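A.B. asks: Quick one, fold the following:
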Amino acid sequence: MTPAVVAVAAANRLADRIDPWVRARTDPLAGLLTSWPQPFAEILAGDYGFVTMGPLLLVWATPVVVLHALLMGAYKESGLLDRLTNGMNPWLRPFGMTGRELARVVMGFGCNVPAVISARSSPACSRGACVSAIAFGSACSYQLGATLAVFAAAGRPGLVVVYLLYLGATTLAYARLVAPQAARSPLNVLSMEGRVFLAWPRPRAVWLETQGVVLEFSRRALPVFLLITTAASLLHWMGALQAASAVVEPAMAIFRLPPEAAVAVVLASVRKDGILLLAEPGVAASLSAVQLLTAVYLAGVLLPCLVTSLTIGREQGRAFALRLVGRQAAAATGFSALLAWGGAWL
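C.D. replies: Next up, the predicted model:
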């Protein structure tokens, strides 16, 4: 988890410095765009508008993606990832995984899809548990960046550490629940191909690894972010979000959340960028620390994103994918309710 924690901590410091500079330039622009005809003004400068929420993606999410990619490139190039893989195996066996499965879960913090595909080489008994852990607990670059942006918009960036700790603990618990007995057997020993030696990572190799991740993020994140903000703005302008909030209000009450949080939960189930909608000022400012943590956690783990779900169905079969989605939704509901009510009691 160190790459994720370090990337978030460093990105938080960097973004905190450049956010006022970016806001000083985007806020006047948003003010000018509000005079445009509707619905264009709402799409560009409304509560969910592209200019209104764009700095959250560029200032808070992008540094996380870049720094995490750099650290993971150094992990791989130096041999440290292989050393950790071997060393963690005895600790992970009770949870139905090996050290190699843990490496794939960590890989999923960049993107879930290649992590799921790489699980092909896992033992048959532990492959399902590995894929389930990736879908549940691997906060991809979009999800992790959006999470930090939401906490920062609410003035609580330190909550990201609590979020990662709770996400890690519940992912292990979930893996233990879904792993078959064979995967947890003491006889499930990781095969060793010899000693793994450490070396200083070559800067060029690390940069090439990072460059591919950043280019992919830029190619996919910006168009999807534009699509999500446009859809949310149009729904808000037509009054559909308010109507939907009234329908799902009883469900949000289970987690001690206001109905406005349901929009982000629903959209994040399609694409994890949807978590950014929790940063809307009217929502973020109204939530307590526990409620904000619960909302971000629920939006992140309730369902795997659509692309991940389709990949799992292609790799493991539709029946497995449907079971995984159902189990994950049930587990996420239980863990989120525990966080909401347990945190409020504390």
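A.B. asks: List the buried residues in stretch 339-346.
C.D. replies: By 16 or more other C-beta atoms under 10 Å, the buried positions in stretch 339-346 come out as 339-340, 343. C-betas here are computed from N, CA, C, even on glycine.
A.B. asks: Out of the residues you listed, which is nearest to Ser35?
C.D. replies: Distance to Ser35, by C-beta to C-beta, is smallest for Ala340 among those, at 40.9 Å.
A.B. asks: Identify the residues contacting that closest one.
C.D. replies: Ala340 sits next to 254-257, 290-291, 294 when contact means C-beta atoms under 8 Å, 6 or more residues apart in numbering.
A.B. asks: Buried ones only from these, please, as a ChimeraX command.
C.D. replies: Restricted to buried positions by 16+ other C-beta under 10 Å, the ChimeraX selection for the contacts of Ala340 reads:
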select :255,256,257,290,291,294
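A.B. asks: Out of the contacts of Ala340, which is nearest to Gly73?
C.D. replies: Scanning the contacts of Ala340 for proximity to Gly73, where the rule is C-beta to C-beta, the winner is Thr294, at 33.5 Å.
A.B. asks: Leu338 is in contact with the closest one, correct?
C.D. replies: No - look at Thr294 against Leu338 with C-beta atoms under 8 Å: they stay out of range, at 9.6 Å.
A.B. asks: Show me what counts as buried in stretch 155-169.
C.D. replies: 156-157, 159-160, 162-164, 166-167.
A.B. asks: Going by distance to Pro55, which of those wins?
C.D. replies: Pro157 (14.7 Å).
A.B. asks: Now for the closest one: which residues touch it?
C.D. replies: 12, 16, 148, 151.
A.B. asks: Pick out the most distant pair among those residues.
C.D. replies: Based on C-beta to C-beta, the longest span within the contacts of Pro157 runs between Asp16 and Phe151 and measures 11.7 Å.
A.B. asks: quick one: which of these two has more around it?
C.D. replies: Phe151 (27 against 13; other C-beta atoms under 10 Å).
A.B. asks: now that one, what's its secondary structure?
C.D. replies: Following DSSP: H, G, I helix; E, B strand; the rest coil, we place Phe151 in the helix state.
A.B. asks: Verify the stated contact: it with Val162.
C.D. replies: No - using C-beta under 8 Å, Phe151 is not in contact with Val162, being 9.6 Å away.
A.B. asks: Name the SS class of Asp47, please.
C.D. replies: With three-state DSSP as the criterion, Asp47 reads coil.
A.B. asks: which residues touch the closest residue to it other than its chain neighbours?
C.D. replies: Once flanking residues are discounted, Asp47 sits nearest to Glu280: 5.1 Å by C-beta to C-beta, 6 or more residues apart in numbering. Under the criterion of C-beta under 8 Å, 6+ apart, the contact partners of Glu280 comprise 47-48, 53, 260.
A.B. asks: So Glu280 versus Ala264, what's the distance?
C.D. replies: As judged by C-beta to C-beta, to the nearest Å, Glu280 and Ala264 stand 8 Å apart.
A.B. asks: likewise Ala251?
C.D. replies: Counting by C-beta to C-beta - Ala251 and Ala264 are separated by 13 Å.
A.B. asks: Tell me which of those two has more neighbours.
C.D. replies: More neighbours surround Ala264 than the other of Ala251 and Ala264, with 25 against 13 (other C-beta under 10 Å).
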